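K.L.:
Can you look at this prediction? I've put the sequence above it.
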Amino acid sequence: MKRLNKAVTVNRIGRGTALLIAALFFICSARADSGIKSWSGLQDTINSAVSGDTIVLTENVTAGESDTALVIPDGMILTLDLNGFIIDRNQKNHTGRDSAAIRVASGAVLTITDSGDISTGVITGGNSPDGGGIRNNGTLILEGGRVTGNRAETAGGGIANYGVLVVSGGTVTGNTAGKWGGGIFNGAEGYLTVNAGTVTGNSSPKEENIRNSGSMKIVGGDTVHSAAIMEYLDLLAVLPALMLVLILAFAVHADRYLNKRQKKVMYIICTLVFTLILQNYLENRLSLNPGGTLPRTLASIYGYAVRPAILAMFFYIVRPGRRYRPVWILIGINAAIYLTALFSPLAFSIARGYYEEGPLGQTCLILSALLFIYLFCLTVRVFHPHQRRETWIPIIVTVLIGASVALDYTIEYHNQPVSFLTIGIVISCVFYYVWLHLQFVREHEDGLRAEQRIQIMRTQIQPHFLYNTIATFKALCRKNPQQAADVADKFGMYLRQNLSTLDVSGRIPFEKELQHTKLYADIEMVRFDNIRMEYDIQDSGFTVPPLTLQPMVENAIRHGVRSRKEGVVRVLTRKTTAGHEIVIQDNGKGFDFKEAETREGIHLGIRNVSERIESMCGGTLTIQSTKDAGTTVTITIPDREETA
């Protein structure tokens, strides 16, 4: 009997325990299900929940005008059962700065399920900069329900993930993003696992359901570490621009036409452009990290401050010797405006990883445009390009800069490590340097031509020629005064024309050069009666560099026919298909051209004439000579406009 009573007692205790457990379960379930009749009520239930709890909706919940996103706090582990009902952020009727439907804080874990009979639970109505439906910084597991009808201004119309996201059930569909990832945006630090087919029917400018910048695994596929891949590709995109700047710096270092001051300015320009490229890359990397607001703001400020400074430095290349104080005052004001971003949205602001332009956000662009227009006008006014085709270089640069700005404003480049404008600045610097180099080379060549004209003039008035002519004039004064007067006139005209070449930078009519040659030949024929000149002028309607024909005739007389009993020098001109041809023939003793190169007097005169014909006319000078037979010099002048 005692044993039976004991068994009954134990049985009663067991039944009581079971009833107590069932009652507690019922009470807990009822607490979780009841009392959620409003948006704030749902948030209160979340705040009062214990980690491991399940919150089950019992009716639709719609946000009011003053409500903010539902926040799953740090450290909370929670399951939200939609139970066939709707969570509506209701952003189509009102707006708020924090307008996502649900925010999962870092360190929180949220599992979303839907135990409704027909699985009609929905999270909808969100509209935020990123993550219109859900913005996840912790761990989010989507096992059921639908995330639909949400919108993000930039990324992740349905869900923006910066933590761990597992989409094993439910659907993400019918969401919209203004820039990328209509359904899901997975940030650089995000880890995403998704079943194929669960994210579909979302829209963005690039028609993306998922935009992955982190690590993503599609169930049944491979894990894709997009962050590492994108970082590698970004480096590959940046390197060519950096290499181009380094090559430009090397070219400046090797450029013998730039003086030390000009090279110093170009080095500063290269350094600023180099740092601007690095700034673009750094800002792009920081944009993938919503927490890097201050570093990204500082990087942006530097970029806006340095662009006008690069243009200003070119002023010192085009017109050195000035300080350009008004320009630097404007650049300083521009930098000060963008420094306000540290404490004010006057120029721009970066909130939660997204850039917002302020009322003075276009200051850098406007100032840069004004400086570039001034630089273009200053360059054209200072250098006065000699050839029309060179003027196209600054025009191309202007178009390139304008096109770069247009591309930055019309094409999405958020994953591009260097902006189109920076690329345009790099290429424009190279183009502008090339153009300036051409101008400096021309100035250098003009200086060389002036020195060359002086050198040629000196070589044409040799002391022995002066002495011999004066001696001839003296002898004729006794024998034939009339001829002496004639020689004096010709000698005076010869000297005058030699000196006038110092003031001539271009070409002269061939007839003028022929007249000068005849003066010299007539004087020499008075001294040497064994010399005879012949002229066969069939073509004279062209121009030549000064002192082109006369030195060749002088060489023919002095080194060719003067030693002959009957020396003949013949000058022939004719029109050919290639242009105009001048032929100087003599029956002198001839020479070996290789041996003549060692004779400085002959070689220097021929080389000077040849170089001037090539540089000023694009023509050629050829020599054919046979010992004891004579020499033929052929000068070809192309039939085209003057090139210098």
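P.N.:
Nice, thanks for sending it over.
K.L.:
looking at the protein, which helix or strand is least sure?
P.N.:
One helix or strand of the chain scores below all others by mean pLDDT, DSSP states H and E: helix 2-33, with a mean of 40.
K.L.:
May I have the residues that are in contact with Asn468?
P.N.:
For Asn468, the contact set (CB atoms under 8 Å, 6 or more residues apart in numbering) comprises Arg527. In this view, the C-beta of every residue, glycine as well, is placed from N, C-alpha and C.
K.L.:
Show me the domain layout of this structure.
P.N.:
Segmentation of the chain into domains, based on automatic domain parsing, reads 1-34, 37-221, 228-443, 461-638.
K.L.:
can you give me the strands in the stretch 301-450 of the chain?
P.N.:
In the stretch 301-450 of the chain, strands defined by DSSP state E, counting those that start in this stretch lie at 348-351, 354-357, listed in chain order.
K.L.:
now swap in the stretch 501-644 of the chain and tell me
P.N.:
Using DSSP E, counting those that start in this stretch, strands in the stretch 501-644 of the chain cover 508-509, 531-537, 543-544, 567-576, 579-586, 620-626, 630-638.
K.L.:
Spatially central residue in this protein, please.
P.N.:
The chain has Ile423 as the residue nearest its centroid, 2.1 Å off, counting by CA atoms, centre = their mean.
K.L.:
Can you convert the strands of the stretch 501-644 of the chain into CSV and add a column each for distance to Ala305, mean neighbour count and mean pLDDT?
P.N.:
Below are the strands of the stretch 501-644 of the chain laid out as CSV (distance: least, CB to CB, whole Å; neighbours: other CB atoms under 10 Å; pLDDT from 0 to 100):
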stretch, distance to Ala305, mean neighbour count, mean pLDDT
strand 508-509, 54, 16, 88
strand 531-537, 68, 14, 91
strand 543-544, 53, 22, 90
strand 567-576, 62, 18, 92
strand 579-586, 56, 21, 92
strand 620-626, 54, 15, 88
strand 630-638, 52, 20, 91
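K.L.:
and of these, who's closest to Asn202?
P.N.:
strand 630-638 (66.9 Å; CB to CB).
K.L.:
In CSV, list the C-alpha atoms belonging to that closest one.
P.N.:
The C-alpha trace of strand 630-638 is given here as CSV (Å, rounded to 0.1, in the frame of the first residue of the first chain):
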residue,chain,number,x,y,z
GLY,A,630,84.1,67.9,-111.3
THR,A,631,81.3,68.2,-108.7
THR,A,632,77.5,68.4,-108.9
VAL,A,633,75.5,69.8,-106.0
THR,A,634,71.7,69.3,-106.3
ILE,A,635,69.3,71.2,-104.0
THR,A,636,65.7,70.2,-103.9
ILE,A,637,63.0,72.5,-102.5
PRO,A,638,59.6,70.9,-102.1
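K.L.:
Packing partners of it?
P.N.:
Judged by 3 or more CB pairs under 8 Å, 6 or more residues apart in numbering; DSSP states H and E, strand 630-638 is in contact with strand 543-544, helix 549-556, strand 579-586, helix 600-617, strand 620-626.
K.L.:
Out of those, which is closest to Asn259?
P.N.:
helix 600-617 (22.9 Å).
K.L.:
what mean pLDDT would you report for the closest one?
P.N.:
Mean pLDDT, computed over helix 600-617, is 73.
K.L.:
cool, stretch 158-166 as well?
P.N.:
92.
K.L.:
how far does it sit from the chain's center?
P.N.:
36 Å (CA atoms, centre = their mean, to the nearest Å).
K.L.:
these two touch, right, Gly590 and Gly630?
P.N.:
Yes - here Gly590 reaches Gly630: they are 5.7 Å apart, a contact under CB atoms under 8 Å.
K.L.:
Find residues that contact each of the two.
P.N.:
The contact lists of Gly590 and Gly630 share Gly560, where a contact means CB under 8 Å, 6+ apart.
K.L.:
I'd guessed Gly424 sits against Ile396; true?
P.N.:
No - contact criterion CB under 8 Å: Gly424 and Ile396 do not qualify, at 10.9 Å.
K.L.:
neighbours around Leu246, how many?
P.N.:
When neighbours are defined as other CB atoms under 10 Å, Leu246 has 12 of them.
K.L.:
so what's it up against?
P.N.:
When contacts are taken as CB under 8 Å, 6+ apart, Leu246 is in contact with Cys270, Phe274.
K.L.:
For Phe491, which of the helices and strands packed on strand 630-638 is the nearest?
P.N.:
Of the helices and strands packed on strand 630-638, nearest to Phe491 by CB to CB is helix 549-556, at 14.0 Å.
K.L.:
Could you check how far that closest one is from the centre of its chain?
P.N.:
The chain centroid and the centroid of helix 549-556 are separated by 53 Å, computed with CA atoms, centre = their mean.
K.L.:
circling back to that earlier point, the residue nearest to the centre of the chain and Val399, how far apart?
P.N.:
14 Å (CB to CB, to the nearest Å).
K.L.:
ok, now Lys474?
P.N.:
70 Å.
K.L.:
re the thing from before, could you dump the helices and strands packed on strand 630-638 to TSV with distance to Arg319?
P.N.:
Listed next are these as TSV, based on distance: least, CB to CB, whole Å:
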stretch	distance to Arg319
strand 543-544	33
helix 549-556	39
strand 579-586	39
helix 600-617	27
strand 620-626	38
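K.L.:
Now do the same contact list for the residue nearest to the centre of the chain.
P.N.:
By CB under 8 Å, 6+ apart, the neighbours of Ile423 are Ala241, Ser404.
K.L.:
One more: Met266?
P.N.:
Counting by CB under 8 Å, 6+ apart, Met266 has contacts Leu248, Ala249, Val252, Leu258, Ile317, Tyr433.
K.L.:
what's the pLDDT at it?
P.N.:
85.
K.L.:
Next, it: secondary structure please.
P.N.:
helix (DSSP: H, G, I helix; E, B strand; the rest coil).
K.L.:
how much space between it and Tyr432?
P.N.:
Taking CB to CB, one finds Met266 at 10 Å from Tyr432.
K.L.:
same deal with Ala188?
P.N.:
For Ala188 relative to Tyr432 (CB to CB), the value is 36 Å.
K.L.:
What of Arg612?
P.N.:
The value you get for Arg612 to Tyr432, if CB to CB is used, is 30 Å.
K.L.:
Same check on Phe440?
P.N.:
12 Å.
K.L.:
for the residue nearest to Tyr316 when sequence neighbours are not counted, what are its contacts?
P.N.:
Once flanking residues are discounted, Tyr316 sits nearest to Val265: 4.6 Å by CB to CB, 6 or more residues apart in numbering. For Val265, the contacting residues are Met313, Phe314, Tyr316, Ile317, Pro320, by CB under 8 Å, 6+ apart.
K.L.:
returning to what we had before: now the strands of the stretch 501-644 of the chain as CSV including distance to Asp130?
P.N.:
Converted to CSV, the strands of the stretch 501-644 of the chain look like this (distance: least, CB to CB, whole Å):
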stretch, distance to Asp130
strand 508-509, 74
strand 531-537, 85
strand 543-544, 71
strand 567-576, 75
strand 579-586, 70
strand 620-626, 70
strand 630-638, 66
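K.L.:
on that earlier part again, please identify which of the helices and strands packed on strand 630-638 is closest to Ile159.
P.N.:
Of all the helices and strands packed on strand 630-638, helix 600-617 sits nearest to Ile159, with 69.7 Å by CB to CB.
K.L.:
pLDDT value on Ile329, please?
P.N.:
Value listed for Ile329 in the pLDDT field: 94.
K.L.:
One more: Ala105?
P.N.:
For Ala105, the predicted pLDDT is 92.
K.L.:
Perfect, I'm done here.
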